[in-house]
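> I'll drop the sequence and a predicted model, then ask my questions.
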Amino acid sequence: MLKKQSVIALITDFGLQDGYAGVMKGVIANINPSANVIDVSNNIEPQNVFQAAYVLNSSYAYFPKGTIHVVVVDPGVGSARKILCLKTEDYMFLAPDNGVLSFVIAHEESASIREVTNGKLFLPKLSNTFHGRDVFAPVAAHLSKGVNRKELGEKIDKIKKIDLPKPILSPDGKLTAEIIYVDSFGNLITNVNKEVIDRMKVEAERVPITMGRRRINGICSAYTDVGDNEALAIFGSSGYLEISVNLGSAGDVLKLKKGDKLTLGN
Amino acid sequence: MLKKQSVIALITDFGLQDGYAGVMKGVIANINPSANVIDVSNNIEPQNVFQAAYVLNSSYAYFPKGTIHVVVVDPGVGSARKILCLKTEDYMFLAPDNGVLSFVIAHEESASIREVTNGKLFLPKLSNTFHGRDVFAPVAAHLSKGVNRKELGEKIDKIKKIDLPKPILSPDGKLTAEIIYVDSFGNLITNVNKEVIDRMKVEAERVPITMGRRRINGICSAYTDVGDNEALAIFGSSGYLEISVNLGSAGDVLKLKKGDKLTLGN
Amino acid sequence: MLKKQSVIALITDFGLQDGYAGVMKGVIANINPSANVIDVSNNIEPQNVFQAAYVLNSSYAYFPKGTIHVVVVDPGVGSARKILCLKTEDYMFLAPDNGVLSFVIAHEESASIREVTNGKLFLPKLSNTFHGRDVFAPVAAHLSKGVNRKELGEKIDKIKKIDLPKPILSPDGKLTAEIIYVDSFGNLITNVNKEVIDRMKVEAERVPITMGRRRINGICSAYTDVGDNEALAIFGSSGYLEISVNLGSAGDVLKLKKGDKLTLGN
């Protein structure tokens, strides 16, 4: 399957001006001309590991089986931080050991992890600042050509994890939630999924949602359920409850940001 | 032809940070691994249907015959708005029924339109906020593999249209035009094409063009016809008259924007 | 080799909103459906020839042999400026004659240059403002299909060059260097490579580096050699000495920009 499709999906904080992501694709094309490299995002905020972890988590399962997901948000580049290859039933993930795989590994019980140490799979001349080009790209390309994972390096058990803040259900039935991501539309994505709402035993269509002085009543099923420029709550495409503004940016209108809290229930 | 080349061209307002356009490509690669997905623009302003319509109109005819043009600028996502498949002699267009196909359909007399309703061609689990991933991407991929358009849904006649503001020629021979698009160079693209100038019966090289207090005399044939940082008028690559600044941004220098008016003639 | 891989690498100042780079890919796909077009950067600052030259120089050698590098940063479009095809042992370069190939040609002694004049290889209808679409894209596509370079036009000898400012070593052993590029991480890339440091006969780990009132002692080998938000000097991925801030932007923290000077040595 890997050899047939050989999709390599890319998440980096390289931006699009300097050519860094393009160079990675040049290196990949040199090793495996038939690899299909798909940009998921090269516009992760510089060194924002949490953001990369979130974008990876909301995207990876939509790719073909056998896709190699490469994440290069790597503030520890050139230090002793490890480079990981995580294998799940359907995918491989190449990433630095800085917590960026935390959300993926939480879903994937059968994951097997290796540390990538085999310098024969790297570019011959290794920089200390751009392992995307010198390590991640060539290793991904070799894997996409069918190189056996055992050649990468030894199996390891422990990797770094970052916490996804969890919503807190108080004894009186109120839920304290948190904004974990603000997308480019200004949608405020919370850490509340449908299971959490089910556990609250409230009517989703009526549950009051409070953010600062602002209150929304109930969860809608389409942006257009409210008027233009009005705020609403809706389950978004990644399965989390989002606060949005119809035809506008909730981030701008409500002046809320990542880390801000909201309350569900009376 | 479709099966051979299977180019899918993408116009969205998803931006490049959150991975939304990348996920669409993952879905497409899963259904048709040999599709060639080309980004036309993922940086349409959020929900700016007119801008998407303009970019589509200035780009689509340069793609190979059989290209499937997919436009996901879709403020009505999750509501009862229709999803359209428009077929012309050379292309297919998938887009929400919000006017984004207005300029295309004005050129394409033989267009045939279907409403896309066949859920078997969608992803199994449908969100209310991301039909780019759940509907447009899989339908485009199936079409690129040769699925017959008749399977999409029923033929329809009427679709929503938005107006391209037309230049107005007054009895005394003056033309009132309008800026319809400002590109990333700051070029001010007007709604005046060569036919309109021909109808005016003026000498293009000398016609005075007035914007507020500013006046330009005549239409140039190259940016370098004027000095550095000087304003000029020129027929641009989409066939419309543009106001530009040599080595600068006309938008910044002249402080003009979309919707502003200008006058041609004495 | 060209026909087998047919990679076309793209550097432009077209940005990603207006669809200009996407249209180039449509034109290429129409002529050579199997070309693999890789974006190196479409976000060069408008008309910034030096920036494009720098990005080209730091990227081109990582691409497969036979890659056609296309650079469309072309403030002289529509004027009498030439369009060049430069052939080196491993690559072809298509670019306007405005100095953008200066750094490449400095490394490539065996380069052979032709002026591109054969209109049969252009789009039939030529605009005066968008030769990326009308000239560069179709010529690159034809070359990628194996069209002989001799068909492009006549050989020429002289092309325009821009100077890379050189570091100056004073008789007392001090080196005056200059920032030539600031990347999107805020890394300040200087014109000092390892050979220059070797010639200074200083200990790289201890050499004092002065920028305004700020002083750094020695060249590090990893960002993490210093604390969070501290400045350091390091040889970057393009082989030049860079001033960086661990987990931060040196451009923002040190308030330095392209053209600013720094001194190495006591």
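Okay, I see it.
> so how many other residues sit close to A:Ala222?
By other CB atoms under 10 Å in any protein chain shown, 17 other residues sit near A:Ala222. Bear in mind the C-beta positions are built from the backbone N, C-alpha and C, glycine included.
> Tell me where the stretch 151-266 of chain A has helices.
A:194-200, A:250-254 (DSSP state H, counting those that start in this stretch).
> next one: the stretch 1-150 of chain A
A:2-5, A:20-31, A:49-59, A:102-107, A:131, A:137-144.
> quick revisit: lowest-confidence stretch among the helices of the stretch 151-266 of chain A?
Mean pLDDT is lowest for helix A:194-200 out of the helices of the stretch 151-266 of chain A, coming in at a mean of 91.
> Report pLDDT for A:Glu109.
You'll see A:Glu109 listed with a pLDDT of 78.
> Likewise for A:Leu164?
85.
> OK, contacts around it?
A:102-103, A:106, A:180, A:191 (CB atoms under 8 Å, 6 or more residues apart in numbering or on different chains).
> One more pass at 10 Å, please.
Contact analysis of A:Leu164 by CB atoms under 10 Å, 6 or more residues apart in numbering or on different chains lists A:50, A:53-54, A:57, A:102-103, A:106, A:178, A:180, A:191.
> With A:Gly19 instead?
With CB under 10 Å, 6+ apart, A:Gly19 has these contacts: A:25-26, C:9, C:11, C:39-41, C:43-44, C:52, C:54-60, C:62, C:183, C:238.
> mind checking how far A:His61 is from A:Asp90?
No His there; residue A:61 is Ala. Separation of A:Ala61 from A:Asp90 (CB to CB, to the nearest Å): 8 Å.
> joint contacts of these two?
Common neighbours of A:Ala61 and A:Asp90 (CB under 10 Å, 6+ apart) are A:Thr67.
> returning to that earlier point: and the helices of the stretch 1-150 of chain A: which comes nearest chain C?
helix A:20-31 (3.5 Å; CB to the nearest CB).
> centre of the chain versus that closest one, how much separation?
22 Å (CA atoms, centre = their mean, to the nearest Å).
> same check, this time on stretch A:175-195
Remark: stretch A:175-195 is offset 14 Å from the chain centroid, using CA atoms, centre = their mean.
> In it, which of the residues would be classed as buried?
By neighbour count with 16 or more other CB atoms under 10 Å in any protein chain shown, stretch A:175-195 contains the buried residues A:175, A:177-192.
> Quickly list what A:Thr210 is bridged to.
A:Arg215, A:Thr263 (DSSP bridges).
> I'd like to check which residues are in contact with it.
The contact partners of A:Thr210, by CB under 10 Å, 6+ apart, come to A:174, A:216, A:261-266.
> May I see those residues organised as TSV, with pLDDT and neighbour count added?
Output for the contacts of A:Thr210, formatted as TSV (pLDDT from 0 to 100; neighbours: other CB atoms under 10 Å in any protein chain shown):
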residue	pLDDT	neighbour count
A:Lys174	93	15
A:Ile216	94	20
A:Lys261	96	16
A:Leu262	96	25
A:Thr263	96	15
A:Leu264	96	26
A:Gly265	92	17
A:Asn266	81	10
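> Return the closest of these with respect to B:Phe130.
A:Ile216 (20.8 Å; CB to CB).
> Not counting its neighbours along the chain, what's nearest the closest one?
A:Ile209 (4.5 Å; CB to CB, 6 or more residues apart in numbering or on different chains).
> wait, what's in contact with A:Leu175?
With contact set as CB under 10 Å, 6+ apart, A:Leu175 has these partners: A:167-169, A:190, A:192, A:196-197, A:199-200, A:202, A:207, A:209, A:241, A:262-265.
> Same check on A:Gly119?
When contacts are counted by CB under 10 Å, 6+ apart, A:Gly119 is found next to A:126, A:135, A:153.
> my read: the second one touches A:Leu94, true?
Yes: the pair A:Val135 and A:Leu94 passes the contact test of CB atoms under 10 Å, sitting 8.7 Å apart.
> what about A:Gln51, distance to C:Asn148?
As judged by CB to CB, A:Gln51 and C:Asn148 stand 49 Å apart.
> do A:Leu188 as well
A:Leu188 is 58 Å from C:Asn148, where distance means CB to CB.
> Then A:Lys160?
From A:Lys160 across to C:Asn148, the span is 55 Å (CB to CB).
> Would you mind telling me which of those two has the busier surroundings?
A count of neighbours by other CB under 10 Å puts A:Lys160 above the other of A:Lys160 and C:Asn148, at 16 against 8.
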